[in-house]
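**Student:** What follows is a predicted protein model with its sequence.
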Amino acid sequence: MPTRRMTDEERKAKYLARVAKNAETKKAQMARNRAMFEACQANLQKVMEIIEERQGATRDEVAKVMDRSSNTVKQWIARLFTEQKIYIVDYIWQDGRRTRMPVYRVGNKPNAPMEKSREDGSLVRTMDEEAMAQAEVWRRHEKWLKEWRPHVDPAAAWMMNPVA
């Protein structure tokens, strides 16, 4: 049986049905996006409340209070940190960690400097101090190199200092 061609009215009706379906889909998507945004804002607010209530908290402490994974809380804290709503007040050792964890507080103040340290607690020089020490070593080496003369056997001294 041959296929029949659609009339203009049928094409128009099909097009309008597709447009209406797309509009409903967009409305539903916008409603889902709005709900997700509001949930995210509520979680960010809860994180700030926990940090403020405890007068400073680490990521793991916030995750434990909220009963969420540490990685989820890490994303929320990163967002608050970039928006400058929280700052780092200190770094502390936590069980099972090889590095120190930042302690956050609510506010917009300068972050505490992180000094590098070993697991045994002894401090390592920061990069600025290390760079200064390296520059001092090179400066002394260049001075020594200008004054350095190779050791010469007395019998062969005439080769190094020929008589004019």
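**Tutor:** Looks like it arrived, so ask away. Numbers count the residues shown, from 1 in each chain.

**Student:** Just say helix, strand or coil for residue 104.
**Tutor:** strand (DSSP: H, G, I helix; E, B strand; the rest coil).

**Student:** What separation is there between it and residue 39?
**Tutor:** Look at residue 104 and residue 39: by C-beta to C-beta, to the nearest Å, they are 21 Å apart. All C-beta atoms are positioned from the backbone trio N, CA, C, and that covers glycine.

**Student:** ok, these two, which is more surrounded?
**Tutor:** Relative neighbour count places residue 104 above the other of residue 104 and residue 39, with 27 against 10, counting by other C-beta atoms under 10 Å.

**Student:** Need phi/psi at the closest residue to the more buried one other than its chain neighbours.
**Tutor:** In space, and not counting its chain neighbours, residue 104 is closest to residue 86: 4.6 Å by C-beta to C-beta, 6 or more residues apart in numbering. Dihedral pair for residue 86: phi -130, psi 160, per degrees, to the nearest 10.

**Student:** now residue 57
**Tutor:** According to degrees, to the nearest 10, residue 57 has phi -150, psi 150.

**Student:** Any idea what it is bridged to?
**Tutor:** Beta bridges link residue 57 to residue 104 when assigned by DSSP bridges.

**Student:** could you measure it against residue 48, distance?
**Tutor:** 10 Å.

**Student:** out of those two, which sits in the busier spot?
**Tutor:** residue 57 (23 against 18).

**Student:** Now do the same contact list for the more buried one.
**Tutor:** With contact set as C-beta atoms under 8 Å, 6 or more residues apart in numbering, residue 57 has these partners: 50, 51, 65, 103, 104.

**Student:** In terms of helices and strands, where is residue 10?
**Tutor:** Under DSSP states H and E, the secondary-structure element containing residue 10 is helix 8-53.

**Student:** That helix: how far from the chain's middle?
**Tutor:** Distance, stretch centre to chain centre, for helix 8-53: 30 Å (C-alpha atoms, centre = their mean, to the nearest Å).

**Student:** and that helix, average pLDDT?
**Tutor:** Averaging pLDDT along helix 8-53 gives 89.

**Student:** how many degrees apart are the next helix or strand after that helix and helix 8-53 in direction?
**Tutor:** Next along the chain after helix 8-53, taking DSSP H and E as the criterion, comes helix 59-66. Counting by axes from the mean of the first three to the mean of the last three C-alpha atoms, to 10 degrees, helix 59-66 lies at 110 degrees to helix 8-53.
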